[in-house]
Every structure is written in C-alpha cells, then in structure tokens.
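Novice: make a model of this:
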Amino acid sequence: MSEASPCLNCGACCSHFRVSFFWGECASSGGTVPDDLVVQINPSRVAMIGTDQKPARCCSLEGEVGQATSCSIYEQRSSVCREFDSSWSQGVQNVDCDAARAAFGLAPLEAPHFELDLPISA
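Specialist: The predicted model follows:
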C-alpha cells in the first residue's frame, strides 16, 4: 500500500515559483497546457497565469497551501510541473521543494526510514 503524495497537502511550489516553459507545450501548438491559462513571457516562453508575479500562485492550484491542494489541469500540466519532484520522492532531497515549503512556514519533508530485511550472518 502506497502513501498519498505529500503534494496533496502542500501546494507550496505552485505558489512560490514562476512556472515558465516553451510555448510549444500549449494546446494550440500541439501540447497539453490550455492556452487561456498562460501568459507570454518572451517570444519562446510562456508562464502559468499567476506565477508571473509576486506573490505567485498558479491559476490551476486549488485549495490552500499547506492544506488539501490539487491541480485543476493535472493531466495537462507542463513539463516543468511534471519534472518537479517533492523532496525524497525519488530518494533524494529537493532543495527547491524545501525552499518553497519554508516560504510558507512548512517544515521540509523528511527522508523515509527503511527497515532493511537483511540476512544475519553468523
């Protein structure tokens, strides 16, 4: 049985960083991100609306940071969002995740503790 993603009770990265990516990820260019949810940053890059300002908050983030959160376009999200891992989800710390959490007064995620099932040699 797997544990629920810590992201479902966080949302800090969605309210801390600018989420910018190549315009080719937009639906009108054959990508998946809905065009009406992005703003042009320069000729080749767009950003999710709300993340192009400070304080940032992605227009697709639902819920309150540090509580129950979700992404309204999860299946259509950009590569930037797909590639951003929470700390320890891939077995390594993500200092950017920790920094986003800290900006909202949330503690960093802890490394999992595993009990090794190794044979004892005599």
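
Novice: could you list the low-pLDDT ranges of the chain?
Specialist: Counting by pLDDT under 70, the low-confidence segments of the chain come to 1-3, 113-122.

Novice: can you pull out the helices in it?
Specialist: With DSSP state H applied, the chain shows helices at 79-83, 95-103, listed in chain order.

Novice: got the buried residues for the last one?
Specialist: What that stands for is helix 95-103. Buried residues in helix 95-103, counting neighbours by 16 or more other Cβ atoms under 10 Å, are found at 97-98, 100-101, 103. For glycine as for every other residue, the C-beta is placed from the backbone atoms N, C-alpha and C.

Novice: which among those residues gets closest to residue 40?
Specialist: Closest approach to residue 40 among those (Cβ to Cβ): residue 100, at 24.4 Å.

Novice: please name the residues that touch that closest one.
Specialist: Residue 100 makes contact with 12-13, 15-17 under the criterion Cβ atoms under 8 Å, 6 or more residues apart in numbering.

Novice: again with residue 78
Specialist: 19, 21, 25, 32-33, 48.

Novice: can you check residue 63 too?
Specialist: 11, 69-70.

Novice: top of these by neighbour count?
Specialist: Taking other Cβ atoms under 10 Å to define a neighbour, the member of these with the most is residue 11, carrying 26 neighbours.

Novice: quick check: phi and psi at that residue.
Specialist: For residue 11, the backbone dihedrals (degrees, to the nearest 10) come out as phi 80, psi 10.
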